[in-house]
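>>> The sequence and its predicted three-dimensional model are supplied below.
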Amino acid sequence: MGESQNQAFQLSFNRFLRVDFQGSRVTSDGGLILVRELDERFGLSGLIGEHLVDSRTGRNRQFPLADLLRQSVYSRLAGYEDLNDAARVSADPTFRLMGSEKVWERGVALTSTLHWFETDLLAREENLTGLARLNRDLVAQGEGVSSSHRVVLDLDSSESPVYGAQEQSAYNGYFGSVCYHPLFLFNSQGDWLAAKLRPGNVHSADGWQELLLPEIERQLQNGKDVVFRGDAAFAKPEIYQALEARGVKYAIRLPANENLERHIEKLLTRPVGRPSQKPVVRYKSFLYRAASWPTARRVVAKVEFHAGELFPRVGFIVTNLELPSRVVVRFYNKRSTAEQWIKEGKLAVNWTRLSCHRFRGNEARLWLSVLAYNLGNLWRRLAVPRRIGNWSLTSLQQRLVKTGGRLVKHARYYWLLLAEGHLTRRLFGSMLRMIAALPLPNQ
């Protein structure tokens, strides 16, 4: 594997210690082998060939398209922030072994090749569309393992700060920064179903139809019951009407106003007597028709009195769920998990590293981060023992992915000898068995 034959270093503080450098033999990301086994089980290579177009010819095809995509995705899953790490990754045994056989001896792509791949080849219109389809089909492999008849969809936006004159970046008053303002769609299991990179100054709900409606149609065709959750940015009559026309249940937060507060005047009276140290919570459900609504809709109000606070906390949710008010509020509050998943993506796969000048190049990079997140999330929920199934992606990255190892080459085999820390032999074996038990694609 090209290891150095230079003489080892001898240290004066310990005459029995020798130091040598054999970087092409040593890896710090041995746990990625498990994720590579998972993507093989899900048929990722076939999905890449089906959805992405490779326009290269001749010697430009030195690295197969699947190898380049895996290198970009897996480097993000391992926590490498940008293409400056490609030179270090190119000599790593784990990244070599995850590709096709022809790169095992040669090494994987360097910075210039990956930069062209991510910002040119993948940024073409047909491949941006293909990345979205590839991601959705990958998630579908994981959905096939679940037997739930109800699907909960969460739509939320976030901020991706920029630090230069990047195309379509703009100042956003809500976030108080120059940024992009992407939109994300999740299911209740944390899978990233869709994403859309948007200019920094658009409304939080801008482009909701492009993400939400195709996913609803897909789930309804599969015979699923669909429920939607959204914050106050999605409190729009056209959204209610689109959901109702498709028989979709929803719970969406409403911004407070005087007309809504008139319906709960009695609930706003502070309880008599000594203030309770525990919050005093009251609920009320009523029909309400705003001026822009063609019909009245159910609104659930929640009023909370907290010790030491002069005014109560008031929240309103518009819904067509036929559940008790307390249950509706509890169901809506679970949408905060979508915010947690967005934060996980920021910390674990660095989806905010959108440093290209061209907008389309940043779109492609966002999709690569989405694919990395989904591979990690599918690994967490389908091929990780229950006792560590609540670990964050960052914990999986630091404790399992970042497993050191040494590659040994024999005449017929490669041996990857992993250090036994968090990733033990027993844990590795149990995860391999879980992956082997997953259904094959289209079965």
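Ah, there it is.
>>> Please count neighbours and contacts with C-alpha atoms only from this point.
Fine.
>>> Below-threshold pLDDT in this structure: ranges please.
Residues of the chain meeting the criterion pLDDT under 70: 1-6, 22-24, 60, 102-106, 147, 442-443.
>>> rerun that using 50 as the cut-off
Low-confidence segments of the chain, defined by pLDDT under 50: 1-4.
>>> Nearest residue to the middle of it?
Y373 (4.1 Å; Cα atoms, centre = their mean).
>>> Restricting the selection to alpha carbons, write the helix or strand hosting that one to PDB.
Applying DSSP states H and E as the criterion places Y373 in helix 359-382. The C-alpha trace of helix 359-382 is given here as PDB (Å, rounded to 0.1, in the frame of the first residue of the first chain):
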ATOM      1  CA  PHE A 359     -25.700  28.900  -6.000                       C
ATOM      2  CA  ARG A 360     -26.000  25.600  -7.900                       C
ATOM      3  CA  GLY A 361     -22.700  24.400  -6.500                       C
ATOM      4  CA  ASN A 362     -24.000  25.100  -3.000                       C
ATOM      5  CA  GLU A 363     -27.200  23.200  -3.800                       C
ATOM      6  CA  ALA A 364     -25.100  20.100  -4.800                       C
ATOM      7  CA  ARG A 365     -23.100  20.400  -1.600                       C
ATOM      8  CA  LEU A 366     -26.300  20.600   0.500                       C
ATOM      9  CA  TRP A 367     -27.500  17.400  -1.100                       C
ATOM     10  CA  LEU A 368     -24.300  15.600  -0.300                       C
ATOM     11  CA  SER A 369     -24.700  16.600   3.300                       C
ATOM     12  CA  VAL A 370     -28.300  15.300   3.200                       C
ATOM     13  CA  LEU A 371     -27.100  12.000   1.900                       C
ATOM     14  CA  ALA A 372     -24.400  11.700   4.600                       C
ATOM     15  CA  TYR A 373     -27.000  12.600   7.300                       C
ATOM     16  CA  ASN A 374     -29.500  10.000   6.000                       C
ATOM     17  CA  LEU A 375     -26.800   7.200   5.800                       C
ATOM     18  CA  GLY A 376     -25.900   8.000   9.400                       C
ATOM     19  CA  ASN A 377     -29.600   8.100  10.500                       C
ATOM     20  CA  LEU A 378     -30.500   4.900   8.700                       C
ATOM     21  CA  TRP A 379     -27.400   3.300  10.400                       C
ATOM     22  CA  ARG A 380     -28.600   4.600  13.800                       C
ATOM     23  CA  ARG A 381     -32.200   3.400  13.600                       C
ATOM     24  CA  LEU A 382     -31.800   0.100  11.600                       C
END
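>>> Report all helices and strands that that helix contacts.
The contact analysis (3 or more Cα pairs under 8 Å, 6 or more residues apart in numbering; DSSP states H and E) places helix 359-382 against helix 32-41, helix 65-77, helix 125-143, strand 192-196, helix 336-348, helix 393-396.
>>> Distance of the residue nearest to the centre of the chain relative to P275?
Distance, Y373 to P275, by Cα to Cα, to the nearest Å: 46 Å.
>>> swap in R136?
51 Å.
>>> So these two - more neighbours on which side?
Under the criterion of other Cα atoms under 10 Å, the comparison of R136 against P275 puts R136 first, with 18 against 14.
>>> Once you drop chain neighbours, what's closest to that one?
Using Cα to Cα, 6 or more residues apart in numbering and skipping residues adjacent in sequence, the residue nearest R136 is L193, 6.0 Å away.
>>> Quickly find the element holding I252.
Going by DSSP H and E, I252 is in strand 249-254.
>>> and if you look at L407?
Residue-wise, L407 maps onto strand 405-409 under DSSP H and E.
>>> What is that strand packed up against?
Counting contacts by 3+ Cα pairs under 8 Å, 6+ apart, strand 405-409 packs against strand 26-27, strand 414-418.
>>> Quick check: neighbours of the first one in the sheet, parallel or antiparallel?
Here the strand partners of strand 26-27, with direction, are listed using DSSP bridges: strand 405-409 (antiparallel).
>>> just the longest one next, same as before
According to DSSP bridges, the neighbouring strands of strand 414-418, each with its direction, are strand 405-409 (antiparallel).
>>> neighbouring contacts of the partner strand?
For strand 405-409, the external contacting residues (Cα atoms under 8 Å, 6 or more residues apart in numbering) are 1, 25-30, 93, 414-419.
>>> Give the buried residues for that strand.
For strand 405-409, the buried set under the neighbour-count rule, 16 or more other Cα atoms under 10 Å, comprises G405, R406, L407.
>>> cool, and stretch 253-267?
By 16+ other Cα under 10 Å, the buried positions in stretch 253-267 come out as R253, L254, L260, E261, I264, L267.
>>> With stretch 186-201 instead?
Going by 16+ other Cα under 10 Å, stretch 186-201 has these buried residues: 186-187, 189-201.
>>> same check, this time on stretch 382-396
Residues L382, A383, V384, S392, L393, T394, L396 are the ones in stretch 382-396 that count as buried (16+ other Cα under 10 Å).
>>> gap between it and the chain center?
How far stretch 382-396 lies from its chain's middle: 15 Å, per Cα atoms, centre = their mean, to the nearest Å.
>>> Also stretch 323-334?
Relative to its parent chain, stretch 323-334 has a centroid offset of 25 Å by Cα atoms, centre = their mean.
>>> Any chance you could give me it in PDB, C-alpha atoms only?
Provided in PDB are the C-alpha atoms of stretch 323-334 (Å, rounded to 0.1, in the frame of the first residue of the first chain):
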ATOM      1  CA  LEU A 323     -58.200  14.400  19.600                       C
ATOM      2  CA  PRO A 324     -58.500  16.000  23.100                       C
ATOM      3  CA  SER A 325     -56.900  19.400  23.300                       C
ATOM      4  CA  ARG A 326     -54.100  18.200  25.600                       C
ATOM      5  CA  VAL A 327     -53.200  15.400  23.200                       C
ATOM      6  CA  VAL A 328     -53.100  17.800  20.200                       C
ATOM      7  CA  VAL A 329     -50.700  20.100  22.100                       C
ATOM      8  CA  ARG A 330     -48.500  17.200  23.100                       C
ATOM      9  CA  PHE A 331     -48.400  16.000  19.500                       C
ATOM     10  CA  TYR A 332     -47.600  19.400  18.100                       C
ATOM     11  CA  ASN A 333     -44.700  19.900  20.600                       C
ATOM     12  CA  LYS A 334     -42.900  16.900  19.200                       C
END
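>>> which outside residues touch it?
Outside stretch 323-334, the residues that touch it by Cα under 8 Å, 6+ apart are R229, A251, I252, Y283, K284, S285, V300, A301, K302, I317, L321.
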